[in-house]
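# I'll drop the sequence and a predicted model, then ask my questions.
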Amino acid sequence: MTLHLYDTASREVSEFKSLKPLQVSIYVCGATVQGPPHIGHVRSGVNFDILRRWLIKSGYGVTFIRNVTDIDDKILHSAKHDEMPWWAVAMKYERVFTAAYAELNILPPTYEPRATGHITQMIELMKKLIDNGAAYAPGNGDVYLEVRKLKSYLTLSRQNIDDLQASADADETNKKDVRDFALWKAAKPGDPSWPTPWGPGRPGWHLECSAMAHAYLGEKFDIHGGGLDLVFPHHENEIAQSEAAGYGFAQRWLHNAWVTQSGEKMSKSLGNSLQVNEILKSVRGIELRWYLGGAHYRSMLEYSPAALEESATNFRRIESFLKRATELIGEKPSLQLSEEFKNAMNDDLAVPTALASISENLRLGNQAVTDNDKKAIAKNANEIRGALDVLGCDPFDLAFVQSGGSDLTPALDGVIKLALTERASARERKDFAASDAIRDGLADLGITIEDTAQGPRWSIN
RNA sequence: GGUCGGGUGGCCGAGAGGCGAGGCAAGGGACUGCAAAUCCCUCUACACGGGUUCAAAUCCCGUCCCGACCUCCA
């Protein structure tokens, strides 16, 4: 099976064909850096990172753009509130986002453009749109796109323009039609602004992405992604601007669903958002990634602490098998993929089905450990590690290996082995009170002892 | 009002006409001095009412419920 992906525009899963052979260009709408990320933000990051890794594994070269929206109303609002320059607010949260992405082993984008770094491209795009007659500048410094003049509009969300509720904005008086949207917003006193032929102002949200996608990927590119809530208006307006400028734009649209709580979308404004930093106090980044990436990208993921904990436990079982297999085989598993896993991933990134194949590998692998069948241990360990690698959850990945400081593991191993030798001799003379005291003592220190056919092993909880 | 998703076992979560995904929890068993880990077995569900079909969780019609978007959103 070749790679098939869903397309929001057609609402169908279809075979993926890149514009250029073995090259894929992807633009994903990144964060507006007006606060720290919640787990919904990074779910989007994980979902598109899995897509990217799968494309790379499938032999494609991938150019991956994820922008940073570093100027918007909320950033300006925060800046006033915190008495900081707007750019300092944006940079502060951009760094928090970057750190969160790194904790979850989300690959850095090929290019990560900031909106404010691309004003020139935005002005060029507006000029083009005004020359085309698609956009107009009413004279107050705003620039609007005239949606009624478009050949098509709202094709992604399949809405009728007359059914849209008009925006409640107070300063709509300069629009020819209430549904026209701002490409550029005139400067308000005290706000940052950039000079344009139509007056000083700042970019509208939609214009940024069209201009940056064009700057880095050209007139046509393969995949445009983002959260489901961006379909309208953001992506509709990106399409409108780009098509009005004569660009082919995105060939396929992918949207990830939300993380919900009590059935409701997680969002800062609803006050039910869970910050990544908070969650990472209870689970490791690799475990949070396993949890967020485990649901299908188009399905809502209902968050609960119990579900997260369950998922983390499940991951630790897999990880424990891989470590065990490494000890028994004498080398790290290689990266192999089972047919089941490949087929699942090719079917619109069916991660839950792919996970079922990992569970099967795990069961067979553990059985092989019991039977001491090294060939079967290796096969299953290799296929599990290969799958985890695609999912960005390879425990051997350097991204997850603690860096800095000296590694105390060999020293600790020696000390624990001394204790285990004592325990073994106690067990030999059937002094179970003594042997259990050693095991309990180690358990109190967070060290778990398992008696295996190959002798005792220890691990830190 | 318009446009979209969704309702699956105790819980989470796939599937989208026919071989009962998978995980977690629970119960039983094997192994163990006892545990832990692991393996085996059990528990077998698709909101409701009609319809189509040899066959429906899946398609159609209707109903109920939940959620999202309608110019701030991942």
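The structure has been received and is ready for your questions.

# count the neighbours of A:Thr409 for me.
9 (other Cβ atoms under 10 Å). (Each C-beta comes from the backbone N, C-alpha and C, glycine too.)

# ditto for A:Arg289
For A:Arg289, using other Cβ under 10 Å, the count is 26.

# same thing with the one 4 residues further on?
By other Cβ under 10 Å, 24 other residues sit near A:Gly293.

# and for the one 3 residues further on?
Using other Cβ under 10 Å, A:His296 has 17 other residues around it.

# what sits against it?
Contact analysis of A:His296 by Cβ atoms under 8 Å, 6 or more residues apart in numbering lists A:349-352.

# that one should be in a helix, yeah?
No: the assignment for A:His296 is coil, going by DSSP: H, G, I helix; E, B strand; the rest coil, so no helix is present there.

# phi, psi for it please.
Dihedral pair for A:His296: phi -60, psi 140, per degrees, to the nearest 10.

# what sits against A:Cys393?
Contacts of A:Cys393 by Cβ under 8 Å, 6+ apart are A:105, A:286, A:289-290, A:293, A:315.

# which element, helix or strand, includes it?
A:Cys393 belongs to no helix or strand when elements are defined using DSSP states H and E.

# before we move on, back to that, of the contacts of A:His296, select the buried ones using a PyMOL command.
With 16 or more other Cβ atoms under 10 Å as the burial test, the buried ones among the contacts of A:His296 are selected in PyMOL as follows:
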select buried, chain A and resi 349+350+351
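
# what about the stretch 51-200 of chain A, any weak spots by pLDDT?
In the predicted model, the stretch 51-200 of chain A carries pLDDT under 70 at residues A:166-173.

# related to what we said a few turns ago, looking at the contacts of A:His296, spot the one nearest A:His234.
The closest of those to A:His234 turns out to be A:Leu349 (Cβ to Cβ; 22.4 Å).

# which one of the contacts of A:His296 is nearest RNA strand B?
A:Pro352 (3.9 Å; Cβ to the nearest atom of the strand).

# beta partners for the residue of chain A found nearest RNA strand B?
At 1.4 Å from RNA strand B, A:Gly227 is the closest residue in chain A, using Cβ to the nearest atom of the strand. According to DSSP bridges, the residues that bridge with A:Gly227 are A:Asn256.

# per-residue pLDDT, it?
As predicted, A:Gly227 sits at a pLDDT of 94.

# near RNA strand B, from the contacts of A:His296?
Restricting the contacts of A:His296 to those near RNA strand B by Cβ under 7 Å from any atom of the strand leaves A:350, A:352.

# which members of the contacts of A:His296 are the farthest-apart pair?
Spanning the widest gap among the contacts of A:His296 are A:Leu349 and A:Pro352, at 9.9 Å by Cβ to Cβ.

# tell me the one of the contacts of A:His296 nearest A:Asn47?
Nearest to A:Asn47 among the contacts of A:His296 is A:Leu349, at 8.0 Å by Cβ to Cβ.
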